[in-house]
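[1] sequence and predicted structure are below.
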Amino acid sequence: MLGDLFTIESIGAEGDNVFLASARINTAHPLFRGHFPQGPVLPGVCSLYLIRDCAGRFLDCRLRYVSVDSCKFTEMVNPLRNELLLIRAKVFTIGEDVRIKAVMHYGIRPVLKLQAIAKQISL
């Protein structure tokens, strides 16, 4: 369903367990016809999906969230601005848990701060 909502342009290591990813929103995605036609807004759950997807690509595995310790949305994402989404995240493994601490920016504005725990899933 969300497969073509984002185009991930890059994911690169920035140090031990830290990555920087950049992505663009597909403004023509059908999701925006319902959320909302006259003033589209990226649903928060889609931002969480993007962070999880980028973390999984960085670690070369598939992840699923098992808990969200904190999640703060600081601004709405208007896809019509068509700015770059930047995600800086630290990911580290403790036992079976993958801990994710991430900040997402849309253009120059921070729009999401997240601390969550994920687990690897098999295909």
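    Sure, I can see it.
[2] for beta bridges, what are the partners of A13?
    Beta-bridge pairing for A13 (DSSP bridges): F19.
[3] S67 and I117 touch, don't they?
    Yes. S67 is in contact with I117 according to C-beta atoms under 8 Å; the separation is 4.8 Å. Every residue, glycine included, has its C-beta placed from N, CA and C.
[4] the more surrounded of those two?
    I117 (16 against 10; other C-beta atoms under 10 Å).
[5] helices and strands around the strand or helix carrying the more buried one, which ones?
    Taking DSSP states H and E as the definition, one finds I117 inside strand 109-121. Other helices and strands packing on strand 109-121, by 3 or more C-beta pairs under 8 Å, 6 or more residues apart in numbering; DSSP states H and E, are helix 44-59, strand 62-73, strand 97-106.
[6] would TSV of these with distance to G34 be doable?
    Below are the helices and strands packed on strand 109-121 laid out as TSV (distance: least, C-beta to C-beta, whole Å):
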stretch	distance to G34
helix 44-59	13
strand 62-73	19
strand 97-106	21
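[7] in this structure, where is pLDDT below threshold?
    Applying pLDDT under 70 to the chain flags residues 1, 123.
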